[in-house]
Structure formats: structure tokens, C-alpha cells
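Q: Could you work out the structure for the sequence below:
(chains A and B)
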Amino acid sequence: MNLQDTLTTVEQELDITKKIKIYLCGVTVYDESHIGHARTIIVFDVLRKYLESKKVEVDFVQNFTDVDDKIINRATKENVAAEEISSKYIENYFRDFEELNVKRATNYPKATEHIEDIIEFIKKLIGKEMAYVAKNGVYFAVSKFSEYGKLSKKKIDELQSGSRIQIDETKNDPADFAVWKFSDINPAWDSPWGKGRPGWHIECSVMSLKYLGENFDIHGGGRDLIFPHHENEIAQSEACTNLPFAKIWMHVGMVTISGEKMSKSLGNTKSIKQVLENWGPNIIRLFCLSGHYSKVIDYSEDMLKENLTKWRQVETCYFELIHANNKNQENVSESIQKIGIEFDKSLEDDFNTHLALSAFFQLVKETNRLAAAEKLGKENGAIIKKEFERISAILGLTIPEMSQNEIQEIDELILNREKFREEKQFDKADKIRDELNKMNVELIDHKERTIWMKKEKIKSE
RNA sequence: GGUACUCUGGCAGAACGGUUAUGCGUGAGCCUGCAAAGCUUAUACAAGGGGGUUCGACUCCCUCGGGUACCUCCA
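A: Coordinates of the predicted model:
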């Protein structure tokens, strides 16, 4: 498998014959997660599901930043403990991503639970003279890490001119960043240098090395994390271990809205919760996978609507497959195999989910063609269904299961309708159809028989 | 200003030197008691502008221009 690496700017080979270790920078928990977060996490969720479908073992670690100025500010504003804020939004995070059908990470380490490790790490940095104690905190000495800037392709001396933060006179160099901030405000911990809390970047260095070891396979996150966050992580980690940090840096493009980045600071976010209510998980997933992961995608209601159309086709395909019982069958094993190979190939070539989706829609189309031609039988239907299920599991698409009772009820209603249709009592037949529609069941009248599909309820439809 | 990414038909979005991408939309037809869904078929002056390399360029090079992101809050 090949993946574009931000650090070397070329595609790197990922050896998927052995265990893959992935670290994804998660969210700072001070507010609801939005579609931008969803995109990044869905991309990695599909990557992981793909690898696991190939029997590759995956260690997937995603952190929560649960100590941060923003959390503290919010807590102060709401007059509650910082902990309360972070635990509330962690809970909400799981609620959202559960519903988005994102598989739980192997591990969700939190900064606050790794203070000891962080302190040990800082000790090492100070011991190596890569960090120093100043008035307001402990800082990493950027100038001592000669490769600083290699990820974001920035030159240290150019960083200062554009700097929008006030220059802190107590630092040796304006480019230096805090690994420990002195503070008495809770949450604060004792350290050999004074009471305070960790800087933002240090937790990821510490926790990724702790859980994945040195030189793990993929370090991911949104593109906006390249600088300073990932740049600083590299500096700290490599300064500490003298070994290359992550093998591949994989960055997911931003989600924009009306051409502008969706972000909490701009206040133009669409929360996952809100979009889930209106569109449901499958459409969000299709939308998030609709473009190459490295590029920008623009959020709009029109795009969601387009993905709703696609989702309806997938649903139709699925229900055609479970009802398949035509006598005349066309041999499909070869064409389906081709589609499967195409799907895999697309993902292995820099994780091109859009191309992979194209392959999937070929399968959908092929199924619907066979169904229209009354050539979808039990055997070829089963072949297609197997591939359909493999692909939709990787993409994380789910069609809700139905109870036997419900199915029986639907079947009976259809039988009644058929009777009325034969008797040309169309009013009564249509009434039954309306009744079924109310249950979100849509009928598909083929030449020889009628099948049904249970549509996902989509509020925005 | 620097750096990175990006610019493809009405819209979304692929192909990394040589085929119609694909999907949405739209038109026509088929199917149907009527719908819905689906199928068939048609539809695109497309490549940000201008140069160049080449038998051949969306793809490589140069140049000019637009957009977005980052330049110490951010997925």
C-alpha cells in the first residue's frame, strides 16, 4: 500500500504484511465535534477497516486533549471544573462517533492521565539541554533541533515575522514553545520546575511513543496540525529518542463551508450531532469519502443531497440482493471479482476513496441492471451480496436490521396488495402501498414480482 | 510576504504521456393500472491563462493568474 507522506512529500510504501501502528491526533474536548473532525476520523476509520479486512493487525491510538487553555476558559465561563467540561465533551464525542459507526480506537489516552510520563519526558529533554526552564514555563529550544521546520517546510527565521502571537520576552527565542506552563489555576500538577500543566504538543509525543513505540507507521491528523503541532512533536520526540518519529505523516484536508475553513474559532461549524439528525451516518460517511482525503471538500446541503441519492441506490441494491430469486441467472463472478480488485487497488494507491466508491457503485449498478432484466438469482445474488457486504463493511455503511415480525407484516401486506391488483381494485392496492410508505417501506414492482425496501429515515429528504 | 495544497464539463470528482472515468443533474425511451424505484440511451465547447518539451499532455517544464490552508488556538 502506498500513502503520500507529508514529510518526504512523496508516496511511501506501507508494508501491510505486518502489524500497523497508527496514531491520530484527536480533538481538544471543549465543544461539540463538527464535520471537519468527522472527516478526519472517518478517513482513518476506513483505512483501519480496510487493513483489518486484509487481516492486518492494527494498533490505533487516538488521544483526547483534555487539558488546555480553551477548556479552562470554558470552565471558568460556565463556573464549573475543567474536568466537567472535558468529560462532558468526551462523552459527546463517543455518542457522535458511535452513531457514525466509527470503530473504537485501541486506546484513547488522555493528557491528564499521563502527567508522570510527560514530566519524565521533559526531564530527558532538559537533561539533553533541548529544553530549559524560564519564568513562565519550560520551553523547547527550537534552535537546538537543526531539522526544525522539516515537516511544514518552514525556516525558523521566517517564522517570527508573521507571528501573530505576542512575543514572550521570557523565552530565549520567540520560536521556542512551551512543554510545561507554570500555573496555579486548576488543573495543575506539581513538577520539579514548578506547579503547572503540560504544553499542547508534548502529550502526543509522550503518548504515541508510550503506546506505539519508536518509529511507528502512520501519524495522522488534519492538515491544520502540520504546523505547529506536528512540527513540534517531531522536534520533541526526535530530540528525545534520536530516532525518526513516525514513518508516514498522513494529513487530511479541511472541510470548508462556502469556501471557508470550518472551525470552532470561525464559528461556522456544523456539529456532527446536528448533521446526523438531518442526514444520518451513511450519507455523512459517503460525503466525507467523496473526495481524496488530502484535498479540501466543501460542505453544502446540495452535496449531502447528492449523497442521499447515492445512498438510496445502495439501499435499493441491497434489497434487490436479499430478494434475489430469478430463475435465469447471468454469471457474474468475474465482473464482481474485477470490481473487488479495483476497489482494493484504489485504496492501496494513496487511499483513493473516491475511486473506490466508483467501483462500489459499479457493483450497485450491475446489480440493479440484473434485477431489471430479471436475471438476479439466488446464486449470483449471493456472490454479489458477499462483495457488497465486504465493501460496505470497509466503508462503514450500515443498513439497519429488521425484525422477523416486521418482515412478515410487510410480506403479508404485499400479498394483499397483489390480490387487489389482480382484481384491478387499484384504490385498495394503493392504500396498502401508502400504508407501507408510512413505514418507510418502498415497493419495487418488477415485471414478475414485487419486492420491498426499507429506507433509512432521512429528516432532510 | 513565505510555505504547502489546489484550479477538469451545469455540479461533484478521477485518471500521475496514448482508452468514454464515474456519479449527480438534464433530455428521450422502456417497464408500470398509476406511481416509485430501476433499466436503456443521449447529453458535456471540459481542462485557470499563455508559452514550451513530445509523434502525442489533464498528466512533464517555464511563466502569469485565481482559490484555500498554515505562518505558534484549530481535525
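
Q: A:Glu301 is in contact with A:Ser460, isn't it?
A: Yes: using Cβ atoms under 8 Å, A:Glu301 is in contact with A:Ser460, at 7.4 Å. In short, each C-beta sits where N, CA and C put it, glycine included.

Q: Remind me which helix or strand the residue lying closest to A:Leu304 once chain neighbours are set aside belongs to.
A: In this structure, A:Leu304 finds its nearest non-sequential neighbour in A:Trp279, 5.2 Å apart by Cβ to Cβ, 6 or more residues apart in numbering. Using DSSP states H and E, A:Trp279 sits within helix A:272-288.

Q: How about A:Arg197?
A: Taking DSSP H and E as the definition, A:Arg197 sits inside strand A:196-198.

Q: Tell me the first helix or strand C-terminal of that strand.
A: Next along the chain after strand A:196-198, taking DSSP H and E as the criterion, comes helix A:202-212.

Q: do the helix or strand following that next one and RNA strand B meet at all?
A: The element immediately downstream of helix A:202-212 (helix or strand, assigned by DSSP H and E) is strand A:218-222. Yes: residues of strand A:218-222 contacting RNA strand B under Cβ under 7 Å from any atom of the strand: A:221-222.

Q: So which elements touch strand A:218-222?
A: On a contact count with 3 or more Cβ pairs under 8 Å, 6 or more residues apart in numbering; DSSP states H and E, strand A:218-222 meets strand A:20-24, helix A:35-53, strand A:248-252.

Q: Ok, which of the ones you listed comes nearest RNA strand B?
A: helix A:35-53 (2.2 Å; Cβ to the nearest atom of the strand).

Q: Okay, buried residues for the closest one please.
A: A:35-52 (16 or more other Cβ atoms under 10 Å).

Q: Name the residues that touch the helix or strand following it?
A: Following helix A:35-53 in sequence order, the next helix or strand is strand A:58-62 (DSSP H and E). Contact with strand A:58-62 is made by A:19-26, A:41, A:44, A:48, A:51-52, A:105-109, A:207-208, A:211-212, A:216, as judged by Cβ atoms under 8 Å, 6 or more residues apart in numbering.

Q: ok, 7 Å please
A: Outside strand A:58-62, the residues that touch it by Cβ atoms under 7 Å, 6 or more residues apart in numbering are A:19-24, A:26, A:48, A:51-52, A:105-109, A:208, A:211-212.

Q: where do the strands sit along the stretch 1-150 of chain A?
A: Ranges of strands within the stretch 1-150 of chain A are A:2-4, A:11-13, A:20-24, A:58-62, A:131-133, A:137-140, based on DSSP state E, counting those that start in this stretch.

Q: Can I get those in TSV including mean pLDDT and distance to A:Glu418?
A: Converted to TSV, these look like this (pLDDT from 0 to 100; distance: least, Cβ to Cβ, whole Å):
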stretch	mean pLDDT	distance to A:Glu418
strand A:2-4	92	53
strand A:11-13	90	56
strand A:20-24	97	52
strand A:58-62	97	49
strand A:131-133	94	78
strand A:137-140	94	75
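
Q: can you tell which of those is closest to A:Glu98?
A: strand A:58-62 (14.2 Å; Cβ to Cβ).

Q: Let me see the contact set for the residue in chain A positioned nearest to RNA strand B.
A: Proximity to RNA strand B, evaluated over chain A using Cβ to the nearest atom of the strand, is greatest for A:Gly222 at 1.6 Å. Contact analysis of A:Gly222 by Cβ under 7 Å, 6+ apart lists A:36, A:40, A:251-252, A:254.

Q: can you check A:Trp193 too?
A: Applying Cβ under 7 Å, 6+ apart to A:Trp193 gives the contacts A:133, A:138, A:180.

Q: Quick one: buried ones out of those?
A: For the contacts of A:Trp193, buried by 16+ other Cβ under 10 Å: A:138, A:180.

Q: of the contacts of A:Trp193, closest to A:Thr170?
A: Ranked by distance to A:Thr170 (Cβ to Cβ), these are led by A:Val133 at 10.5 Å.

Q: so that closest one bridges to which residues?
A: Beta-bridge pairing of A:Val133 under DSSP bridges involves A:Val138.

Q: The spatially closest residue to A:Val142 that is not a sequence neighbour: neighbouring residues, count only.
A: By the measure of Cβ to Cβ, 6+ apart, the closest residue to A:Val142 outside its immediate chain neighbours is A:Ala175, 4.4 Å from it. A:Ala175 has 20 neighbours, counted by other Cβ atoms under 10 Å.

Q: now swap in A:Gln362 and tell me
A: By the criterion of other Cβ under 10 Å, A:Gln362 has 16 neighbours.

Q: Skipping its backbone neighbours, what lies nearest it in space?
A: Of all residues not flanking A:Gln362 in the chain, A:Ile339 sits nearest, at 5.3 Å (Cβ to Cβ, 6+ apart).

Q: residues touching the one you found, list them.
A: A:359, A:362-363, A:387.

Q: circling back to that earlier point, could the helices and strands packed on strand A:218-222 be laid out in CSV, adding distance to A:Gly291?
A: Below are the helices and strands packed on strand A:218-222 laid out as CSV (distance: least, Cβ to Cβ, whole Å):
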stretch, distance to A:Gly291
strand A:20-24, 19
helix A:35-53, 9
strand A:248-252, 11
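
Q: Indicate which one of those is closest to A:Glu13.
A: Between A:Glu13 and these, the shortest gap by Cβ to Cβ is with strand A:248-252, which sits at 9.2 Å.

Q: Please enumerate the helices of chain A.
A: In chain A, the helices defined using DSSP state H lie at A:35-53, A:69-78, A:82-99, A:115-127, A:156-159, A:202-212, A:231-241, A:272-288, A:301-322, A:333-348, A:353-372, A:378-395, A:404-422, A:426-438.

Q: Could you tell me the least trusted of these?
A: Sorting these by mean pLDDT places helix A:156-159 lowest, at a mean of 71.

Q: any idea how chain A splits into domains?
A: Annotated domains of chain A cover A:2-273, A:305-395, A:404-454 [automatic domain parsing].

Q: Distance to A:Ser294 added to those, as a markdown table?
A: Below are the domains of chain A laid out as a markdown table (distance: least, Cβ to Cβ, whole Å):
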| stretch | distance to A:Ser294 |
| --- | --- |
| domain A:2-273 | 5 |
| domain A:305-395 | 8 |
| domain A:404-454 | 35 |
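
Q: circling back: return the helix holding A:Trp279 as CSV; C-alpha atoms alone will do.
A: Extracted in CSV, the C-alpha atoms of helix A:272-288 (Å, rounded to 0.1, in the frame of the first residue of the first chain):
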residue,chain,number,x,y,z
ILE,A,272,-21.9,16.1,13.9
LYS,A,273,-24.9,15.9,16.1
GLN,A,274,-26.8,18.3,14.0
VAL,A,275,-25.9,16.8,10.7
LEU,A,276,-26.5,13.3,12.0
GLU,A,277,-30.0,14.4,12.9
ASN,A,278,-30.7,15.7,9.4
TRP,A,279,-28.8,13.2,7.2
GLY,A,280,-27.8,10.2,9.2
PRO,A,281,-24.5,8.4,9.4
ASN,A,282,-24.3,6.8,5.9
ILE,A,283,-24.7,10.0,4.0
ILE,A,284,-22.1,11.7,6.1
ARG,A,285,-19.7,8.9,5.5
LEU,A,286,-20.3,8.9,1.8
PHE,A,287,-19.8,12.6,1.7
CYS,A,288,-16.6,12.5,3.8
